[in-house]
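Asker: After the sequence you'll find the predicted model.
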Amino acid sequence: MPTKVPVTVPDVDPLAKMTEPPPDETPTQREARLRAEAEAQHVSDTIDEELERQRVAEKKAPRALKVLLLGQSESGKSTTLKNFQIMYDPKAFKAERASWRAVIQLNVVRSIHLILDAMTRAQNASDAHLQLSPELLKLQMRLAPLLQVEQALIRQLTPSGSGESEPTHLSYAERSERSRNIREVAINSATQWKGAFSRLLTGDPDEDADVVEMVDWGNPNDPGVVLNACAQDMVLLWGDPSVQRLLVRQNLRLEEMAGFFLDSLDRVTSPQYVPSDDDILRARLKTLGVSEHRFTMSQGSSIARDWRVFDVGGHRSLVSAWVPYFDDMDAIIFLAPISCFDQVLAEDPKVNRLEDSVNLWISIVSNELLKNTNLILFLNKIDILKAKLASGIRLVDYVVSYANRPNDFENASMYLRKKFGGLLKEKSILPRPFYCHYTAVTDTKSTKKILLDVKDVLMRRNLADAALLT
């Protein structure tokens, strides 16, 4: 029989002991401590009051419409969210320009890194068809400092003062087999990475002068200094015919990747560069976890309504885990990047990206918990699809069922639309309408019209559900 070991209960509460003042505290230190405690309590009370005020306001106001953005990595979810911000929260969007400047700089550096890595692989493979000239080798050496700039930018994207090491805030995902040595930075949405760049603005945030003042242009450690110094070398590298042939041979199509700015190097590396709306829409920063954004939407004389838009980032295998938490959504905007019919998943090179979007669509339309949720399909990145088909890349080589249809956008897009629509009709537990849009969400003008259409559809359906519209 095992011997019972007596349990000793401490006489002193360890939590109380942690909050006790130091035994050798001086009167001055005590005064400072009490002042700090009072200030902390005031901040806590203010937060509690604001939360209570919001709770009461939300209880009185009409229920907010909830929308979930869903799609595989690089499908355009974050870009769609940015379009919502441009339309309904433009001041906050403009105030974030300084934050996105660093992201765009990181996008530029990583594109150059991919090229340098491709050159290194060609050298290691001793590819007789692609001999690098002495000029290219010199460019490769002169651009080596950009690898340190990349690390500096990653550190900038880590919120300061968190007290945690960088790996806690940043994780990485391999982009593809071809670039297995280049890993993509992924930011946890809970870290509030934009706070690392925030400064107090004076005047109207809509004024460009205030945005310019947000950046310390005289800081010698600003990565933009090195980028500006390397600008011409980057232009030469990207424009070199041998480099273009190398990228084609390694099937590395940088122009199709999110966050591509190599055609705008002179502008985005200029000394006082401030990102435009289009730049921010094109910028790429992978996020993990769930982020929520609130907007008040109204147009003309229509009724103002609060919207809550959720963006879920992360691995595709987590879909079944988060579904129970989003069964009360009014709509899911599902983004299927149909231009990626000739690409594979970064996390699983055996899976075609278009096939993955189809499988994810099936899992959503057939889910019991989502049977009453409106589904709105964005067949996205049609601009890239048009360019691919025009260049001679054949859809039938990757989608056998496309058969002998013409290899043009009109026929390809209609085929894919019917494919997704047919699956909705076949797999849905309850009948529901098929809302589908062809989109290029980096095109602000066309996306604005589509989002207005989405808003009208959801407002009408919401009123109909409330028996206010017949």
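Answerer: Thanks, I have the structure now.
Asker: And the most centrally placed residue in the chain, its phi and psi?
Answerer: Geometric centre of the chain, nearest residue: Ser78, 4.1 Å, by Cα atoms, centre = their mean. Per-residue torsions, Ser78: phi -60, psi -40 (degrees, to the nearest 10).
Asker: List the contacts of it.
Answerer: 285, 287, 311, 313 (Cβ atoms under 8 Å, 6 or more residues apart in numbering). C-beta coordinates here come from the backbone N, C-alpha and C atoms, glycine included.
Asker: So which of the residues you listed is the closest to Arg142?
Answerer: Ranked by distance to Arg142 (Cβ to Cβ), the contacts of Ser78 are led by Leu285 at 27.3 Å.
Asker: so the closest one touches Ile104, yeah?
Answerer: No: here Leu285 does not reach Ile104: they are 9.5 Å apart, not a contact under Cβ atoms under 8 Å.
Asker: do you know how far Ala32 is from Lys419?
Answerer: In this view, Ala32 and Lys419 are 68 Å apart by Cβ to Cβ, to the nearest Å.
Asker: Show me how far the longest strand anywhere in the chain is from its chain's centre.
Answerer: Longest strand of the chain, by residue count under DSSP state E: strand 286-297. Centroid displacement of strand 286-297 relative to its chain, using Cα atoms, centre = their mean, to the nearest Å, is 10 Å.
Asker: what ranges do the helices span in the stretch 51-200 of the chain?
Answerer: Taking DSSP state H, counting those that start in this stretch, the helices of the stretch 51-200 of the chain run over residues 77-88, 90-95, 97-124, 134-142, 146-156, 166-169.
Asker: Out of the ones you listed, which is closest to Leu430?
Answerer: For Leu430, the closest of the helices of the stretch 51-200 of the chain is helix 77-88, at 25.5 Å, according to Cβ to Cβ.
Asker: Pick out whichever of Ala32 and Lys419 has more residues nearby.
Answerer: Counted by other Cβ atoms under 10 Å, Ala32 and Lys419 do not tie: Lys419 has more neighbours, with 17 against 12.
Asker: was I right about the more buried one contacting Trp361?
Answerer: No: taking contacts as Cβ under 8 Å, Lys419 lies outside contact range of Trp361: 9.4 Å.
Asker: coming back round to it: in JSON lines: the helices of the stretch 51-200 of the chain, plus distance to Cys340.
Answerer: Formatted as JSON lines, these follow (distance: least, Cβ to Cβ, whole Å):
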{"stretch": "helix 77-88", "distance to Cys340": "14"}
{"stretch": "helix 90-95", "distance to Cys340": "27"}
{"stretch": "helix 97-124", "distance to Cys340": "18"}
{"stretch": "helix 134-142", "distance to Cys340": "30"}
{"stretch": "helix 146-156", "distance to Cys340": "25"}
{"stretch": "helix 166-169", "distance to Cys340": "29"}
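Asker: that older thread, give the residues shared as contacts by Leu285 and Ile104.
Answerer: Joint contacts of Leu285 and Ile104 (Cβ under 8 Å, 6+ apart) are Gly259.
Asker: Could you point out which residue ranges in the stretch 1-150 of the chain have low pLDDT?
Answerer: Residue ranges of the stretch 1-150 of the chain with pLDDT under 70: 1-19, 57-58, 60-61, 126-130.
Asker: wait, what's in contact with the closest residue to Arg417 other than its chain neighbours?
Answerer: Leaving out its chain neighbours, the residue that sits closest to Arg417 by Cβ to Cβ, 6 or more residues apart in numbering is Cys436, at 5.7 Å. Listed by Cβ under 8 Å, 6+ apart, the contact partners of Cys436 are 376-377, 379, 417, 420-421.
Asker: now swap in Lys388 and tell me
Answerer: Neighbours of Lys388 in contact, by Cβ under 8 Å, 6+ apart: 256, 339, 342.
Asker: that's a helix at the last one, yeah?
Answerer: What it means is Asp342. No: counting by DSSP: H, G, I helix; E, B strand; the rest coil, Asp342 falls outside a helix, being coil.
Asker: how about the nearest residue to it, chain neighbours excluded?
Answerer: Tyr398 (5.2 Å).
Asker: Roughly how far does the one you found sit from Ala32?
Answerer: Relative to Ala32, Tyr398 is positioned 68 Å away (Cβ to Cβ).
Asker: Could you do Ile187 as well?
Answerer: Ile187 is 36 Å from Ala32, by Cβ to Cβ.
Asker: shaky segments in the stretch 151-300 of the chain?
Answerer: Scanning the stretch 151-300 of the chain for pLDDT under 70 picks out 158-186, 188-220, 298-300.
Asker: try it again with 90
Answerer: Along the stretch 151-300 of the chain, segments meeting pLDDT under 90 span 151-226, 248-253, 255-259, 271-274, 284-300.
Asker: can you map out the strands along the stretch 151-300 of the chain?
Answerer: Ranges of strands in the stretch 151-300 of the chain, per DSSP state E, counting those that start in this stretch, are 170-174, 183-188, 286-297.
Asker: hang on, the earlier thing: am I right that the residue nearest to Arg417 sits in a strand?
Answerer: Yes: assessed with three-state DSSP, Cys436 lies in a strand.
Asker: Select only the buried ones of the contacts of Cys436 in ChimeraX?
Answerer: Buried residues among the contacts of Cys436 (16 or more other Cβ atoms under 10 Å), as a ChimeraX selection:
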select :376,377,379,417,420
